[in-house]
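*Asks:* next comes the sequence, and after it the predicted model I'd like to discuss.
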Amino acid sequence: MDIKQKFYCFRCKAEIPKKIKRKKDKDGNIKGRCSSCKRICIFVDKDSLNGKGTSDPSTTSTTSTFPSIDHLILSMLKKERRPFKSIGRGVHNGVFYIGTVLNQGKKEFDAIVTSDRHIYVDWGKGEYNQITEDFGLNYRFPLFIDCMDNWWSNRSIEKWYKDGYSVDIKQLYNKIVSLNKKYMIYEDERIHKYTALDIIRTYFFDLFPANNRTYHHADPGSGKTNQLMLYRALSFNPISSTDFSSASIYRIIESTSGTILIDDFDNLPEEQKSSIIQHIRTNYKKFKTIRADGNKKNRPYAYNSYSHLVFNNVYGLGHDLVTPERLITIRLLKHKDAKDITINSDDNFWKPIHDDLYVMTLQYWEQVKESYDNIDVEDLNSRELEVIKPLLAIAAIIGDGVYNDILEWYKETIKQEKIRDVTDDWEFLLLKELWDRTQYKDDNEEMRVFVKEIAKVIARNVSDPSSDNYKQTLNRLYAFVGGKLKGYLFKGGMTNGVTRYEVYKKRVRQVLDSKDLLKTVEVVDVVEGVTPKSTKTKDIDFFDKNNHSTEEKPSQYDKILEIRKKIEENRKAGYTIDSEFLYNHFDHGLIDGLMKSGQLIKQGNGEYVFGG
């Protein structure tokens, strides 16, 4: 290398002082740290800097030993950009790997352990990185092992790497089922099998293109925290976290591929709840999460946030109902025979099982992948199969009995979820109210509804008007109803400063059908026993209790008796029978006639009762 020749930084074009160290890389380019831009750059001569060098290195003259700009560009184009992967877990070039951290004194080194029983180490800054250079894995975050509650022990890694250690997936499955039965009571024994498969699934999670999350809807004192602690003791790289509002959790997920565990979802701030619900809805497949880096540049980054999530609560998910294809819901009841045993997930008792699950992953991953690719269930639609397929793939390896039990349990669960409790589902209540008002009209006959009026009807079903939070609920419902009606593409407008929409039967039916609620809304009465009111009014000969002479009397009499019966039933159920209730659920003309004839009498508290 001619030290007298002048060098220039290819990046910032600054002249490089002779004292700056430089060396050739494997492509023949001269590199060093530029004294001007302070980065590792390629150094070139003046001709190459101005684009006058040769693009063919074989024809480079003795006076210009540097490649031209074209040559540098072409050399860079020969290398494809490699996407970032997680160091925590994955498949790379047909090999499954799991990340860990090795220690030498106070120094820590990222490492990966592979299914072909190799270990690759990043030996530190400025040193050789076997993970990127030899194994070829491109990753941007180190393994944030301190964020994990438990990890693979070095002793178990050594057994896999050096001693040819192996495990039996069936024995591990049976052991987890047995432990779950020891600590948990379920009316349906098959839920213990689901739990064991779900824990095992956390290790193979990345093999599947789509995954559901697990949600425990539990009574107080039913053991929901104990169940979560069993997940914490045995899941892949468990992380107990609730902070989904910042980019840090997504860095942690991309780094560790960890299993996110959330206890007492009810107690989280609303912002956190919304973030978690959004995560469940959007990251059930390998979609990236975009977050800004938070510094002055505010540069957006795309994070791989595809990981399992297990959470629980007492009060349900309310109007933020997550669609069934994103969750499998396990319902826990407080049991009189429940044992007062608390799981300590940090106890050393769990460590050998946890270690063996890591070994199981490297040993069985190809069988699980093949099993997943070959599974098809004819009587499940594509979305239903997508939810349960990862678990069926694992169950098929364990045995036909487990496979059949889980498949039948899942089919029963689907049926039960379709007959779900809709009394706190805001969207269902809105669609039910719209259906009640339009079902007897022609398909395209428009009917005017007001946002505030509909919101008040729903509010009475989900909140006690005398409660402290009723006004807050009502205000939220105003925004919810308005947003939904607009989203359903109904025409909107204003009347005397009040928002209105023109709704019609055909569109309401389409929305119900798209959400698989049409059959439910036709069967379920939100206000139990109330007949949907007819929106077609007509002149009616009202029943005169002192005159039985007209032919219309028997049918009209039956209608009034039916209304009377339904009003009393709903009064006993706690509903306020005021004018708004009556007009919302019965024929307007019939109610007007009953009031005018004195058969419906208004009391001092605003409620109506039948006279006589």
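*Replies:* Right, received. Where do you want to start?

*Asks:* from here on, just use CA atoms for contacts and neighbour counts.
*Replies:* Noted.

*Asks:* can I get the CA coordinates of stretch 74-84 in CSV?
*Replies:* What follows is stretch 74-84, C-alpha atoms only, in CSV (Å, rounded to 0.1, in the frame of the first residue of the first chain):
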residue,chain,number,x,y,z
LEU,A,74,-22.0,-3.3,-8.0
SER,A,75,-20.2,-5.1,-5.2
MET,A,76,-22.9,-3.9,-2.7
LEU,A,77,-25.7,-5.0,-5.0
LYS,A,78,-24.3,-8.5,-5.0
LYS,A,79,-25.3,-8.8,-1.3
GLU,A,80,-29.0,-9.1,-0.5
ARG,A,81,-30.3,-7.2,2.5
ARG,A,82,-31.0,-9.7,5.2
PRO,A,83,-34.1,-9.1,7.4
PHE,A,84,-33.7,-8.8,11.1
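
*Asks:* residues in contact with it?
*Replies:* Taking contacts as Cα atoms under 8 Å, 6 or more residues apart in numbering, the residues outside stretch 74-84 that touch it are 138-140.

*Asks:* just the strands in the stretch 151-300 of the chain please.
*Replies:* Assigned strands in the stretch 151-300 of the chain, in chain order: 213-218, 238-240, 259-262, 288-292, 300-304 (criterion: DSSP state E, counting those that start in this stretch).

*Asks:* nearest to Ser178, of the ones you listed?
*Replies:* Comparing the strands of the stretch 151-300 of the chain against Ser178 with Cα to Cα, the closest turns out to be strand 213-218 (19.6 Å).

*Asks:* just how off-centre is that closest one within its chain?
*Replies:* Distance of strand 213-218 from the chain centroid (Cα atoms, centre = their mean, to the nearest Å) equals 12 Å.

*Asks:* that one packs against which elements?
*Replies:* On a contact count with 3 or more Cα pairs under 8 Å, 6 or more residues apart in numbering; DSSP states H and E, strand 213-218 meets strand 309-313, strand 327-332.

*Asks:* quick revisit: output the strands of the stretch 151-300 of the chain as JSON lines; include the columns distance to Thr114.
*Replies:* Compiled in JSON lines, the strands of the stretch 151-300 of the chain are given as follows (distance: least, Cα to Cα, whole Å):
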{"stretch": "strand 213-218", "distance to Thr114": "27"}
{"stretch": "strand 238-240", "distance to Thr114": "20"}
{"stretch": "strand 259-262", "distance to Thr114": "20"}
{"stretch": "strand 288-292", "distance to Thr114": "25"}
{"stretch": "strand 300-304", "distance to Thr114": "21"}
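
*Asks:* rewinding a little: among the contacts of stretch 74-84, the buried ones, what's the ChimeraX command?
*Replies:* ChimeraX command restricting the contacts of stretch 74-84 to the buried ones, with burial defined by 16 or more other Cα atoms under 10 Å:
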select :138,139
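
*Asks:* make a markdown table from the contacts of stretch 74-84 and add distance to Tyr403 and pLDDT to it.
*Replies:* A markdown table is the format used below for the contacts of stretch 74-84 (distance: Cα to Cα, whole Å; pLDDT from 0 to 100):
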| residue | distance to Tyr403 | pLDDT |
| --- | --- | --- |
| Asn138 | 37 | 94 |
| Tyr139 | 36 | 95 |
| Arg140 | 39 | 92 |
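
*Asks:* just to revisit the earlier point, so which of the strands of the stretch 151-300 of the chain comes closest to Leu517?
*Replies:* Nearest to Leu517 among the strands of the stretch 151-300 of the chain is strand 213-218; the distance by Cα to Cα comes to 22.0 Å.
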